[in-house]
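**Q** Need the 3D shape of this:
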Amino acid sequence: FLSTFQKGKKQYFSALSPENLIDLHGKQLAELEEKRLLLERLIPDLKRLHSQPGERSRVKYFEGKDALLSMVSGFYKEMDGGTVLTISPVDLVSKFFSSEELNKLREKRAKRGVSVRGIYTSKEEDIPDRADRKLRKIPADKFPLKADIALYGDKVAIVTFGQTPSGVVIEDKNFAQTME
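**A** Residues are numbered from 1 along each chain as shown. Have a look, this model is predicted:
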């Protein structure tokens, strides 16, 4: 526990007296008590909102490469047969994920017995169809895709590969049917 002060262009650090630790702890306890009281006041409103009738969408947000790998892996883990529909900018996906990472994800999908049907863009490769994969290539210059989209059941997964790679999984029957 330090205090700091600036003198000219230099910043100085000084250790606090041990007695100040008790005061600091007391302030932190008071702040926590304030937050607890605020939560107690909000809980009736939150319960009321939570108990309102109607379907609820569930949205999960992921940011960064490890989180996106976890997102896609989790998406596949919940699948059991059937077909996932995709729209994919293959060149962006291939630059972001390594061949090894993509192969592991494909293996997880195959183990769950899930086939793929989709469209993709790529300036670098043509992807052949297989028994578990039916794809159609569209011109990248006419359709400059910037996000990868996958639909399965009531879930839609969207991944963007911009400056801050991120993704969302939206679980909503009506939304998934509309996207289909």
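**Q** what comes into contact with stretch 102-117?
**A** 69, 72-73, 76-77, 79-86, 93-94, 97, 131-135, 152 (Cβ atoms under 8 Å, 6 or more residues apart in numbering). Where you see a C-beta, it was placed from the backbone N, CA and C, and this is true even at glycine.
**Q** same thing but at 10 Å, please
**A** 69, 72-86, 88, 93-94, 96-98, 127, 129-136, 150-152 (Cβ atoms under 10 Å, 6 or more residues apart in numbering).
**Q** Return the distance of the residue nearest the centre of the chain relative to Ala15.
**A** Nearest residue to the geometric centre of the chain (Cα atoms, centre = their mean): Phe62, 1.9 Å. Taking Cβ to Cβ, to the nearest Å as the measure, Phe62 and Ala15 are separated by 41 Å.
**Q** And for Thr4?
**A** Thr4 sits 11 Å away from Ala15, going by Cβ to Cβ.
**Q** Identify the contacts common to the two.
**A** Common contact partners of Thr4 and Ala15 (Cβ under 10 Å, 6+ apart): none.
**Q** residues of the helix or strand harbouring the residue nearest to the centre of the chain that come out buried?
**A** Using DSSP states H and E, Phe62 maps to strand 58-63. Across strand 58-63, burial judged by 16 or more other Cβ atoms under 10 Å covers Phe62.
**Q** Could you do stretch 104-114 as well?
**A** 105, 108-109, 114.
**Q** Send me that stretch as PDB with only the CA atoms.
**A** Only the C-alpha atoms of stretch 104-114 are listed here, as PDB (Å, rounded to 0.1, in the frame of the first residue of the first chain):
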ATOM      1  CA  LYS A 104      -9.300 -29.800 -34.300                       C
ATOM      2  CA  LEU A 105     -12.600 -27.900 -34.600                       C
ATOM      3  CA  ARG A 106     -13.500 -30.000 -37.800                       C
ATOM      4  CA  GLU A 107     -12.800 -33.200 -35.800                       C
ATOM      5  CA  LYS A 108     -15.100 -32.100 -33.000                       C
ATOM      6  CA  ARG A 109     -17.900 -31.400 -35.500                       C
ATOM      7  CA  ALA A 110     -17.300 -34.800 -37.300                       C
ATOM      8  CA  LYS A 111     -17.400 -36.700 -34.000                       C
ATOM      9  CA  ARG A 112     -20.800 -35.200 -33.200                       C
ATOM     10  CA  GLY A 113     -22.100 -36.400 -36.700                       C
ATOM     11  CA  VAL A 114     -22.800 -32.800 -37.800                       C
END
